[in-house]
Every structure is written in C-alpha cells, then in structure tokens.
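[1] Pasting the sequence and the predicted coordinates here, then a few questions.
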Amino acid sequence: MAIFLILSGVLMTLCGIYLYIIIQRFLSMFPAGGKTWLKKMTAAVTALLLVLSSLNLFGTGALLVLHFIAASAVTDLVRLLVKKAGYRIPDLWDRLYRCSVPALVITSAIMGYAYVNMHHIIVTKYEVPVEKEIREEGYRIVFLSDLHFGTTMNQEKLLELCSRMEAEHPDLVVLGGDIVDEATSLKEVKQAFQALAQIQSTYGTYYVYGNHDKGRYAEDCEFTAAGLTEAARNAGVYILEDDTVMPNEELSISGRRDRSDAVMEKIPRQDSAALLDGIPQTAVHIIADHQPRDMEENAAAGFDFMLSGHTHAGQMWPVGLITELFDKRTVNYGIKSFGDMQLIVSSGAGGWGYPLRTGRHSEFAVISICPERTSEIKN
C-alpha cells in the first residue's frame with residue numbers, strides 16, 4: 001500500500017508539472033501586458049486543480065486527465081519529429097497545437113469509443129470437449145460476470161440482456177460475481193436479481209460473490225450483505241459459497257468464497273479438493289471463483305472447468321497489459337489450460353467506477369461442453 005501511494009504521488013507530481021507546461025503554452029498566445037506572474041499563477045493553480053481532481057486514480061477525473069496528458073505527449077512527440085525532419089509547421093497548425101486542440105480531439109475520440117465499447121455487449125462462445133461420459137448433446141452454460149449493475153445499464157437494458165442470454169438455451173446460468181457493487185442502490189440490487197432469475201434454463205441460476213458484491217468498499221453502501229443474500233435467494237438464485245451441488249448425475253457445480261471476503265470476514269476458504277468430497281468422479285466438475293487464482297490447486301483437485309471474472313480484461317488499456325506482465329499468478333482474459341482443467345476468464349458485461357472500456361469488449365460467455373466423440377465427429 002505504501003509503495004502504491006508513493007508511486008501515485010510521483011505520478012501526480014509529474015502530471016502536475018506537465019500540465020503546468022501545457023497551460024503556460026496556451027497562455028503564451030495572449031499578450032502578457034506586464035503581468036507574466038499572473039499567467040504563471042493561473043497555470044499553476046489550474047494544474048493543481050486538475051491534479052486534485054485526479055487523486056482518485058480509479059475515478060473519471062483521473063481517467064480524463066491521464067488520457068489528455070498521454071494524448072498531449074503523443075502530440076508533442078509528433079511535432080518534435082516533424083521539426084527534426086526539417087518541415088515548417090504552418091501558423092494555423094501551431095496555434096491549434098498551442099491550444100491543445102489535437103490532444104483534446106484524440107482524448108474525445110478515445111472516450112467516445114470507450115463509451116460505445118462498454119455498452120456494446122457481445123456474446124463470446126467456447127466449445128470444449130470432455131472425455132467423460134455425458135449426454136450426446138452436451139451442456140450449454142451461460143456465464144455472466146462483473147455486471148456492476150447501475151454503472152452501465154438500467155433495468156430495461158438488463159432485461160434485454162437477459163432475453164439475449166435466454167435465447168442461447170442454457171442448461172444452467174452461472175453468475176461469476178460483482179453483479180452489483182457499493183454504488184448500487186438497494187432497489188437496483190433487487191431489480192438485478194429479479195431480472196437475472198427470469199432467465200429460463202434447465203437447471204437454474206448459480207451465483208458466487210465477487211469482491212464488490214457485498215459493498216465493502218464504501219461506508220455509505222445502501223444495502224447490507226444480508227440484504228444482498230436475501231434479494232438473490234428471494235429471486236430464486238442459488239448462492240454457492242464454498243458449496244457444491246449436482247444439478248444432475250453428470251454435472252457438479254462448485255462456488256468459492258471470494259478471496260477478499262475470506263480475508264475481511266476472517267473465514268478461511270475451503271480447500272478445492274474438499275468441495276468434491278462425496279461427488280462422483282465421473283461427473284463433469286465446474287468451479288466458479290470470481291478471482292482467477294489457485295488454478296493449479298483446482299486442477300489437481302479434479303475440476304474440469306473453472307469460470308472467473310474480476311479482471312475486466314483490464315477495462316482501460318494498458319491495465320490488462322500491466323497485469324499480464326507483472327502478475328503471473330492470474331489470467332487476464334480468455335481460455336487457458338491447467339493440466340486437464342480449462343479456465344475461462346470473462347471480461348464482464350459492465351465496468352466498475354465509470355461506464356468506459358478500451359481494454360477489450362463487454363461480453364457474456366456461452367460455454368458448450370460436449371463429449372469428446374461429438375467434437376471429433378464435428379471436426
């Protein structure tokens with residue numbers, strides 16, 4: 001935590017200095033009138049206010065300021081290369097540059113794309129064969145994670161999304177956590193689970209908590225953990241928290257206690273292997289865990305599939321790239337094998353903090369589990 005605060009302080013200081021230079025450059029277009037000190041004071045105060053609005057690195061203000069700074073840096077680099085190449089920059093373009101028009105246009109274009117990309121939810125399909133004996137038509141799972149209901153959609157939009165998921169004819173629906181968060185109202189919590197529970201499936205809807213679901217990151221959260229549980233259960237959603245159920249003799253689904261909840265509640269998570277005690281080995285074993293961790297442990301325990309979310313695939317570039325480079329214990333997005341177990345990490349259908357996304361797309365996943373022989377025939 002201390003290292004994060006130090007790095008954040010250094011970053012904000014550098015950003016403040018650069019913003020001061022940008023604002024000074026703009027003010028230099030106007031006559032000083034003997035009041036150069038006033039321009040410097042104006043630039044310093046404006047830069048300070050922009051930095052203060054960006055202190056919450058996970059807020060919209062920081063997002064806009066940091067993208068503007070990055071766009072300005074790119075503009076400065078291009079201008080420098082053009083001048084080094086010996087080209088003369090026309091007066092009009094020089095004025096636009098001093099007014100930061102190119103940087104503002106770039107920032108606006110990125111934010112516009114990020115808004116549209118967040119709200120355009122696609123369906124990502126996976127077909128995965130298993131060697132176990134299951135019915136010939138296999139099973140279809142709809143997996144929805146990281147909705148953060150209230151950030152990017154209202155009840156009407158969620159009902160439309162639920163209709164799309166139901167059109168995939170799922171055998172079961174898995175909710176991979178962070179369906180709501182600390183900014184969701186109690187009314188929205190009830191709306192979310194009432195809508196999601198309406199998705200028709202063969203074996204029902206199963207839910208594991210994410211690190212945001214219980215509203216632990218805000219003191220003024222409108223709902224309690226008990227209220228969340230009540231809303232989900234009253235809607236007919238099955239909550240799995242270090243539990244395993246068998247919808248039929250060929251499938252088992254286990255849900256993990258979220259890692260963050262385990263720490264805050266001081267209740268250790270069960271070992272993965274304990275979740276399969278008494279469960280026939282012949283069944284296809286699915287484990288849902290909001291945060292993509294402990295993959296080797298889950299594979300060794302005998303699970304065939306692991307479903308996770310949490311990462312948002314970075315949500316805003318380059319967060320996902322940084323995660324992939326510096327955290328080798330997790331997976332940012334997609335499908336990856338761990339022994340005989342397949343891990344599927346969804347980018348989620350929503351976003352946390354702001355309705356913007358440049359790190360991949362918004363999605364729900366449809367996973368088709370088919371017997372190995374069926375897959376061979378199709379190929």
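    Everything's here; your move. Residues are numbered from 1 along each chain as shown.

[2] Now do residue 52: how many residues are near it, please.
    Each residue near residue 52 was counted by other C-beta atoms under 10 Å, and the total is 12. Just so you know, the C-beta spots here come from the backbone N, C-alpha and C atoms, and that holds for glycine as well.

[3] do the same with residue 355
    17.

[4] Residue 329 now?
    Neighbours of residue 329 (other C-beta under 10 Å): 9.

[5] ok but it is inside a strand, no?
    No: the assignment for residue 329, made by DSSP: H, G, I helix; E, B strand; the rest coil, is coil rather than a strand.

[6] measure it to residue 270 for me?
    Distance, residue 329 to residue 270, using C-beta to C-beta, to the nearest Å: 20 Å.

[7] Report the contact partners of residue 368.
    125-128, 138-140 (C-beta atoms under 8 Å, 6 or more residues apart in numbering).

[8] switch to 10 Å and redo it
    125-129, 137-141, 168, 171, 374-375 (C-beta atoms under 10 Å, 6 or more residues apart in numbering).

[9] Please check those and keep the buried ones.
    With neighbours counted by 16 or more other C-beta atoms under 10 Å, the contacts of residue 368 contain buried members at 126, 128-129, 138-141, 168, 171, 374.

[10] Which of those fall in strands?
    Among those, the members falling in strands (DSSP state E) are 126, 128-129, 139-141.

[11] Verify the assumption that residue 199 is located in a strand.
    No: using three-state DSSP, the assignment for residue 199 is coil, not a strand.

[12] tell me, how many neighbours does it end up with?
    Per other C-beta under 10 Å, the neighbour tally for residue 199 reads 23.

[13] do residue 84 as well
    Using other C-beta under 10 Å, residue 84 is surrounded by 8 other residues.

[14] What separation do you get for it and residue 103?
    20 Å.

[15] next one: residue 254
    From residue 254 across to residue 103, the span is 50 Å (C-beta to C-beta).

[16] Would you mind telling me which of the two has the busier surroundings?
    Between residue 254 and residue 103, residue 254 has the larger neighbour count (other C-beta under 10 Å), namely 26 against 21.

[17] In this structure, which residue is most central in space?
    Within the chain, the residue whose C-alpha comes closest to the C-alpha centroid is residue 312; the distance, by C-alpha atoms, centre = their mean, is 2.1 Å.

[18] The residue nearest to that residue when sequence neighbours are not counted: what's it in contact with?
    Spatially, and ignoring its direct neighbours in sequence, residue 312 is nearest to residue 348 (5.2 Å; C-beta to C-beta, 6 or more residues apart in numbering). By C-beta under 10 Å, 6+ apart, the residues touching residue 348 are 121, 144-148, 176-178, 210, 309-313, 315, 333, 357, 360-365.

[19] got the end-to-end distance for stretch 263-273?
    From its first residue to its last, stretch 263-273 covers 20 Å (C-alpha to C-alpha, to the nearest Å).

[20] hmm, who's touching it?
    Residues outside stretch 263-273 that contact it (C-beta under 10 Å, 6+ apart): 211, 214, 216, 225, 241-244, 254, 256-259, 261-262, 275, 277, 285, 287, 289, 294-303, 306.

[21] What's the PyMOL syntax to select whichever of these are buried?
    Buried residues within the contacts of stretch 263-273, by 16+ other C-beta under 10 Å, are selected in PyMOL with:
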select buried, resi 211+214+216+241+242+243+244+254+256+257+258+259+261+262+275+285+287+289+294+295+298+299+301+302+303+306
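
[22] can you give me the helices for the stretch 1-150 of the chain?
    2-27, 36-52, 60-84, 91-98, 101-119 (DSSP state H, counting those that start in this stretch).

[23] Mind putting the ones you listed into a markdown table with distance to residue 322?
    As requested, the helices of the stretch 1-150 of the chain are arranged in a markdown table below (distance: least, C-beta to C-beta, whole Å):
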| stretch | distance to residue 322 |
| --- | --- |
| helix 2-27 | 12 |
| helix 36-52 | 22 |
| helix 60-84 | 14 |
| helix 91-98 | 30 |
| helix 101-119 | 18 |
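
[24] Tally up the residues packed near residue 205, please.
    Neighbour tally, residue 205, other C-beta under 10 Å: 23.

[25] Once you drop chain neighbours, what's closest to it?
    Spatial nearest neighbour of residue 205, chain neighbours left out: residue 173 (4.2 Å); criterion: C-beta to C-beta, 6+ apart.

[26] Pairing partners for the one helix or strand that neighbour maps to, with directions?
    Using DSSP states H and E, residue 173 falls within strand 172-175. Here strand 172-175 is paired, per DSSP bridges, with strand 139-144 (parallel), strand 205-207 (parallel).
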